[in-house]
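Student: Can you look at this prediction? I've put the sequence above it.
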Amino acid sequence: MSTVPSEIFLHDLHPSAAGIRGEVLAGLAHRPKRLPSKYLYDARGSELFERICELPEYYLTRAELSLMRAHAAAIAAALGPRTLLVEYGSGSATKTPLLLERLADVVAYVPVEISRSALGASVERLSGQFPGTQMLPVWADFTQPLTLPEPVRSPRRTVIYFPGSTIGNFDTDAAVCLLSQMRREMGPDGMALVGVDLVKPEPLIEAAYNDAAGVTAEFTLNLLRRLNEELGADFDLRAFRHRARYHPERERIETHIVSRAEQEVSVDGHRFHFAAGEAMQVEISCKYSCESFARIAKRAGLRVMQVWTDPQRLFSVQCLRPAGSMHAHPQPVRAD
């Protein structure tokens with residue numbers, strides 16, 4: 001397992017075992033049952049997600065990387081010099097170097113990640129790749145209010161970087177809350193750079209979450225294995241299956257773990273009944289039009305400054321600023 005290099009201090013704001021236990025037990029007692037998607041990302045879950053990103057059906061990563069390679073220089077110019085770059089849910093940080101190598105005079109990089117193994121591996125790699133950039137890793141749940149570590153140098157602005165399509169894992173109200181948190185943490189002169197998956201034909205979306213190799217199913221069911229290991233649960237993974245369906249009226253994928261038979265499961269000494277065919281929600285993945293995402297941002301007190309897309313308009317990266325500091329209208333840009 002990779003660790004954070006010894007010269008880099010790890011800011012430990014990770015949720016406590018009691019906090020995880022409370023959220024899981026509350027979710028299992030809820031009707032219908034549900035579990036927080038953030039707990040999909042333990043060490044094994046993070047490894048499986050990296051495999052998902054390489055699958056032929058999973059268009060999201062390829063589209064975003066294509067977009068970033070084409071427009072990273074323009075994006076860096078829009079963000080400006082002397083930034084404090086804070087990345088929510090940094091994971092393996094595969095897109096981050098495309099920004100770091102183009103941003104002018106980066107003050108520091110603050111990756112915020114719930115998987116300690118993924119955080120350690122990415123910081124170890126990036127600290128070697130960018131030795132002149134201060135690394136301030138934070139082991140934490142980015143959905144909770146954060147006190148960001150202070151860099152040695154004062155930044156001109158804080159930029160919250162939220163790549164991938166993770167904003168889609170939150171329903172409308174939760175997305176507004178998270179974007180509002182970003183606005184507070186970036187300050188009045190800050191910016192956010194958010195990856196937003198776009199609405200597209202249903203078969204393309206469904207295939208991305210139901211790959212032929214079954215890696216996504218393994219990723220989903222890994223959550224039950226984690227609960228067995230960390231909370232003393234007794235889920236039989238063979239007694240459950242993965243299900244992901246697109247709901248066009250809600251413009252989102254809903255991923256469930258479905259019980260194959262009537263059964264009872266023990267978690268931390270508590271018994272929970274599952275009916276045959278009962279579905280437990282573990283993740284949603286919302287898709288947006290540029291207009292619908294702008295409405296979400298507006299509710300959070302943010303305005304879209306600029307939008308970049310890949311040539312097929314599968315994915316977008318959107319630059320936002322606090323509404324009060326807006327000096328320009330949105331200028332959608334499409335890659336050639």
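Tutor: Thanks, I have the structure now.

Student: The closest residue in space to Ser154 that isn't next to it in sequence and Trp139, how far apart?
Tutor: Spatially, and ignoring its direct neighbours in sequence, Ser154 is nearest to Val107 (7.3 Å; C-beta to C-beta, 6 or more residues apart in numbering). Every C-beta, even on glycine, is put in place using the N, C-alpha and C of the backbone. Using C-beta to C-beta, to the nearest Å, we find Val107 at a distance of 21 Å from Trp139.

Student: out of these two, which sits in the busier spot?
Tutor: The neighbour comparison of Val107 against Trp139 (other C-beta atoms under 10 Å) goes to Val107, with 22 against 19.

Student: Please name the residues that touch the more buried one.
Tutor: The neighbours of Val107, taking C-beta atoms under 8 Å, 6 or more residues apart in numbering as the test, are 82-84, 134, 151, 153-156.

Student: Save those as CSV, and put in neighbour count and secondary structure too.
Tutor: Listed next are the contacts of Val107 as CSV, based on neighbours: other C-beta atoms under 10 Å; DSSP: H, G, I helix; E, B strand; the rest coil:
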residue, neighbour count, secondary structure
Arg82, 14, coil
Thr83, 24, strand
Leu84, 26, strand
Gln134, 17, strand
Pro151, 17, coil
Arg153, 13, coil
Ser154, 9, coil
Pro155, 19, coil
Arg156, 17, coil
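
Student: Can I get these in JSON lines including pLDDT and distance to Arg321?
Tutor: Below are these laid out as JSON lines (pLDDT from 0 to 100; distance: C-beta to C-beta, whole Å):
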{"residue": "Arg82", "pLDDT": "97", "distance to Arg321": "17"}
{"residue": "Thr83", "pLDDT": "97", "distance to Arg321": "13"}
{"residue": "Leu84", "pLDDT": "97", "distance to Arg321": "15"}
{"residue": "Gln134", "pLDDT": "95", "distance to Arg321": "24"}
{"residue": "Pro151", "pLDDT": "95", "distance to Arg321": "21"}
{"residue": "Arg153", "pLDDT": "95", "distance to Arg321": "22"}
{"residue": "Ser154", "pLDDT": "95", "distance to Arg321": "20"}
{"residue": "Pro155", "pLDDT": "96", "distance to Arg321": "15"}
{"residue": "Arg156", "pLDDT": "96", "distance to Arg321": "14"}
